[in-house]
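# model this:
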Amino acid sequence: MASVGDTDNPFAALLQQAADAPANGISKQLIEFILLFTLNKDVDHSRKHSVLCLADVVVADNTDNMGTLNEDLVAHALFERLMINDLAQYLVTPFQSTQGKDEALQRHSMKYLHGAFNRCESKLQKPNISERDKKDCEKILKLIFNNASTCMRQPDLFLPQIFHLQWLDLFDQADEHDTSVQEFLIRVCDKVLEEDEQELEALGALKAIFYPMLRFLQKQLVKDNLITIRKNLFWILGYFVREKRAGMLGELLIDYTTPNPKAKGGDYMTTLFGQLLCVSIMPKTQSAPYEFFRDISLVSQQTDPSLWQLLAHHQQQIFLLIKQLLVQTPETKRKTLQWIANCLDANVARGHLWSTINLNMQQTVHSTASDAFMTSLSAVLMRLCAPLCVPGMKVLMVDPTYCAVSTIEERRAKGVSMLKAYEETCLLPAEEGEQRLTAAKYNFITEIFYLAHKAFELGNRACIERMTRMMRELQTTQTAYQEVATRDPNNDLTKNLLRMLQEQMQQVLCIRNGLAEPENDAAILRFFEASAIWLTEIAMMPRESYEAALDKKDFAPQLLRNLELLSETPPFVAPYMKSVPENIIDNIAAYLNFCRNFSGDQFIQMYTTSHDAFFKMILLFMGSSELVKNPHLRAKLADALEFLLPTQISGSNRKAFITHVFDNHPDRLQVVRSLLNVFVSIEMTGQSVQFEQKFNYRRPMYAIMEFLWTKQEHIECFRLLASEAEANMEAIEPPIFLRFINLLINDAIFLLDESLSNLEQIKQLQRAQDNGEWNNLSHSERQQQTTNLQHLGMLARFDNILGRDTINILKLLTTEIKSIFCHNSMVDRIAAMLNYFLLHLVGPQRERFKVKDKKEFEFDPAQTVLEIAHIYINLSTDNSFCLAVSQDGRSYSDQLFGYAENILIRIGGGQLIGDMAEFAAKVQKMGADYKEEQELLADAPEEYLDPIISTLMTDPVVLPSSKVTVDRSTIARHLLSDQTDPFNREPLTMDKVKSNEALKQQIEQWIEGKRSAAREKS
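Model prediction:
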């Protein structure tokens, strides 16, 4: 490089004058100590550290009088020092020492300037520094930042230096105790902002330097997993967000990781934040390989605590990064919330991933983010929601009207980031064109609450659905493998099935362990406990509190009132319940049901306060259509309630669970009514509930009822509901207990019919297979027959399990409650049902249903016969029941109980054998007496007969619209399941029918006349 001190340099004289002028001079000693160069040709080899002698580069410094250099000259010298490529030729080292050599020879401008900044700051920190030195240090700092700003704004001047790599080295080499890099970065960025008139230009200059660094880090991330990820990655990213003074850097980071506005859900995975969120136990993308749990045992429920630890640490670091962005500046907060909201909106299709029929799976998988990404985003948001949970309970500041805000302008004005919150399906429907309530403004707590629930819905819930499906496939493969391995463990099919089984098990374990990481699980639990408390509080807000909230336009509950549940529906239901999204309850139910997959120390142990919160919320919402319109959602709450049973759950890996909510919770006595309400509502939807879905709804309800029957105070609740029903048999709305037992009987009849039909077909297929008839079929026909057999087996299994549970509940109910079953509107149905069951299970045709492997189909006819016998005996004290049994023309005969006695003797019926014999004798006698009476009344006039069942009426009533006269018991039974006039389909309730007293009196007189004539004759 040409020396500025050369004789042909036109600026030499000017610079010489500057060197001679000490007025604005800077101490040469400080320059050498901080900037590590000198302009003095007379080299002092006694100095303690190495410096560069730039006398030949700038101008010779022979003016040693004042011991200073002019500030302009130092500025020029510093700039020239940054431009030199070969520094070694200017190096001056002390005798017998190389101290400071590396610092003096630092070729990277930004690293050199940072070192100079450090040395200057260390000088300023000395307690005995003089005022003159302090001023000189300030001047040098100014020169350092001027030159650093030039490097940032005009990097091309310093080619071939690459500043983003220099910054990366600075970030990389610093540690948590070194704050100098952070301070240097902030002050350099401040200088860039100061020197560029337009803020956008300054931001552009910073992006030109730091975007390549972020791209470099992101490129490395693509190849990393939980184990190989760069250890100080979050430390490096922290430089952009740690300081509130560096808001521009936070904006730069969030801008870099934001995809274009029309990005699909999957596009978010290719951003920097997306790559971070994709690092998990699960595969990064839906099509990526499963990396963990390769070496697995087919019998173990495997977890890996070390993987959990890595995942928890990684998700905690992402959370801290996002949290720092949210608190850095209002603009970084706005942009970060918008990133999350846009990402959730772009991935909304994940919420329908497994439930939508005829969906192009591949297309959906590639257009939405992966399970790993979405569950990690959910984990981050759960951690952000920690202040909402116990003990802080800021959840009480969440406003329930958030999802009512519809227009873009209103969203901006009120602070709503979620793009389509107003499209959420809510607990109660709004009327067509109804303007729902909104608050004046929505706080950050409200925002993060709804975002977290949406993330769980699209992340964890969709992932749980996937895992459930995969576990079913795994079970099918395992069954096939066991069958083949038993016959020939070494053939190719066995080996292929084993490989498939191991692959499927690896996939299930990766997903399950990704979902069940303990730290995240604890955060989810606390958040859902807080959500359950919030739901209960908003649902039970008193009218006066709501009116006060209406005045303030702030509907958050604010206080924890913890009111007692005095009825199935609160006395006042606030209109804002039309804005509360279903996904809050759906998420809680899905989480509790997911917990079934864990046993022993793997099971997620909940702390006791959460039991109370979940129990109260479930009781309140499960039983009330005034709070939750969707009966399917209420049925899911029954499923969640089963999780709280302190017993073994069917289909669960759980061994034990300790809770006292059914014994000690102040609202526990509401559980029976709430449960019966949801049981009945499933049938009253007017929808076609698929059988398997109905099976899944009913099963947990029966389990809860069976448990409740072990508690005397809950048995008393059943009794009270039965008494209430008997007192209101003709109410406009049929009593809940009456509708409940009517459905029980309907279900039992349907299930046994279906089960026996399927078992009969199974037996025929099994016989054909055993006889070799399948050998004559083509390959495709044999496959079809195998498929038919498996399908029939599945249906029979469902029928038998649910049928057994239904009969068991009837047995339990009839031990304590008898009269309502023997009411004239019910007694004929239950008698006919029991006779029908018994005839098929013990009669001459029972061999038709004798299949191989009864246990495989859950078919246990002996146990069913015992339970039916118990029901007979439970009701045997009521004469109307005994008479109804004898008058069932479809299934009853004098031989029926003889068949039953033979079977009871074979299966060890014990005391039941004698009891059934006594009951049979009583039924036979009452049947004979009734037959004699019927023969006496056989010639009854047509107008005395019920037009529906053609029996003599005892309490005739007139139907208001059709004007037809029927017996009261007949129409009461009809209205239990169909509230219309059977003759013209007009709406009808029992309170509308009118007694036909005149006809009743005529019938009674006619009967008495017949009886008198018979007595006289005898």
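# Poorly predicted segments of the stretch 551-700 of the chain, please.
597-606, 648-656, 684-692 (pLDDT under 70).
# Surely Asn342 and Leu419 touch.
Yes - using CB atoms under 8 Å, Asn342 is in contact with Leu419, at 6.8 Å. C-betas here are computed from N, CA, C, even on glycine.
# what about these two, which has more around it?
Legend: neighbour count by other CB atoms under 10 Å for Asn342 and Leu419, higher for Asn342 (19 against 16).
# element containing the more buried one?
helix 330-346 (DSSP states H and E).
# repeat for Thr814
Short version, using DSSP H and E: Thr814 is in helix 779-816.
# what is the rounded mean pLDDT of that helix?
When pLDDT is averaged over helix 779-816, the result is 88.
# again, but for stretch 42-62
76.
# And stretch 455-463, by the same measure?
On average, stretch 455-463 scores 94.
# Distance from the chain centre to that stretch, please.
With CA atoms, centre = their mean, to the nearest Å as the basis, stretch 455-463 stands 5 Å off its chain's centre.
# Stretch 577-586 now?
13 Å.
# can you check stretch 525-532 too?
On CA atoms, centre = their mean, the centre of stretch 525-532 falls 12 Å from that of its chain.
# One more: stretch 487-502?
With CA atoms, centre = their mean, you get 36 Å for stretch 487-502.
# Tell me the buried residues in it?
494, 497-498, 500-502 (16 or more other CB atoms under 10 Å).
# ditto for stretch 569-579
Buried, per 16+ other CB under 10 Å, within stretch 569-579: 569-570, 573-579.
# ok, those residues vs Lys41, which is closest?
Ser579 (81.3 Å; CB to CB).
# Could you pull up the residues touching the closest one?
400-404, 426, 436-437 (CB atoms under 8 Å, 6 or more residues apart in numbering).
# switch the cut-off to 7 Å
400-401, 403-404, 426, 436-437 (CB atoms under 7 Å, 6 or more residues apart in numbering).
# ok, which pair from those is furthest apart?
Going by CB to CB, the pair spanning these furthest: Cys426 and Leu437, at 12.1 Å.
# which of these two has more neighbours?
Here Cys426 and Leu437 are set side by side on neighbour count (other CB under 10 Å), and the busier one is Cys426, at 23 against 18.
# Contacts only, for that one.
By CB under 7 Å, 6+ apart, Cys426 lies in contact with 403, 578-582.
# where do the strands sit along the stretch 1-150 of the chain?
Assigned by DSSP state E, counting those that start in this stretch, the strands in the stretch 1-150 of the chain fall at 25-27, 37-38, 51-53, 68-70, 91-92.
# my read: Leu419 touches Ala341, true?
Yes - contact criterion CB atoms under 7 Å: Leu419 and Ala341 qualify, at 5.9 Å.
# For the helix holding Asn342, name the packing helices and strands.
helix 247-256, helix 305-328, helix 444-456 (3 or more CB pairs under 7 Å, 6 or more residues apart in numbering; DSSP states H and E).
# ok, 6 Å please
The elements that helix 330-346 packs onto, with contact taken as 3 or more CB pairs under 6 Å, 6 or more residues apart in numbering; DSSP states H and E, are helix 247-256, helix 305-328.
# can you tell me the average pLDDT over it?
96.
# Mind exporting the C-alpha coordinates of it to PDB?
Extracted in PDB, the C-alpha atoms of helix 330-346 (Å, rounded to 0.1, in the frame of the first residue of the first chain):
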ATOM      1  CA  PRO A 330     -43.600  -3.700  21.500                       C
ATOM      2  CA  GLU A 331     -42.700  -4.300  17.800                       C
ATOM      3  CA  THR A 332     -40.900  -7.600  18.400                       C
ATOM      4  CA  LYS A 333     -43.800  -8.700  20.600                       C
ATOM      5  CA  ARG A 334     -46.300  -7.800  17.900                       C
ATOM      6  CA  LYS A 335     -44.300  -9.600  15.200                       C
ATOM      7  CA  THR A 336     -43.700 -12.700  17.300                       C
ATOM      8  CA  LEU A 337     -47.400 -13.100  18.200                       C
ATOM      9  CA  GLN A 338     -48.200 -12.600  14.500                       C
ATOM     10  CA  TRP A 339     -45.700 -15.300  13.500                       C
ATOM     11  CA  ILE A 340     -47.400 -17.700  15.900                       C
ATOM     12  CA  ALA A 341     -50.900 -16.800  14.800                       C
ATOM     13  CA  ASN A 342     -50.100 -17.000  11.100                       C
ATOM     14  CA  CYS A 343     -48.400 -20.300  11.600                       C
ATOM     15  CA  LEU A 344     -51.400 -21.800  13.400                       C
ATOM     16  CA  ASP A 345     -53.700 -20.400  10.700                       C
ATOM     17  CA  ALA A 346     -51.600 -22.000   7.900                       C
END
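# Would you enumerate the residues in contact with Leu69?
Contacts for Leu69 (CB atoms under 6 Å, 6 or more residues apart in numbering) come out as 25-26, 28.
# So what sits opposite it in the bridge?
Leu69 has these beta-bridge partners by DSSP bridges: Ile26.
# Ile140 versus that one, what's the distance?
To Ile140, Leu69 is 11 Å away according to CB to CB, to the nearest Å.
# that older thread, among the contacts of Ser579, who's most crowded?
The most crowded member of these is Pro400, carrying 29 neighbours; neighbours defined as other CB under 10 Å.
# give me phi/psi at that one?
phi -80, psi 0 (degrees, to the nearest 10).
# residues in contact with it?
Pro400 touches 538, 555, 576, 580, counting by CB under 6 Å, 6+ apart.
# Just the ones in helices from those, please.
Ile538 (DSSP state H).
# okay, among the contacts of Pro400, which ones form the most distant pair?
Phe555 and Val580 (10.4 Å).
# so where's the stretch 201-350 of the chain shaky on pLDDT?
For the stretch 201-350 of the chain (pLDDT under 70), the answer is 296-301.
# that older thread, neighbouring contacts of the helix holding Asn342?
With CB under 6 Å, 6+ apart as the criterion, helix 330-346 contacts 250-251, 254, 258, 264-265, 268, 325-326, 417-419, 451, 454.
# Domains in this structure, by residue range?
Listed by the TED database, the domain ranges of the chain are 11-161, 942-1017.
# Single out the most deeply packed of the ones you listed.
domain 11-161 (a mean of 17; mean count of other CB atoms under 10 Å).
# Distance from the chain centre to that domain, please.
61 Å.
# All further residue positions should be reported with the first residue as 26.
Understood, numbering begins at 26; the last thing we discussed is domain 36-186.
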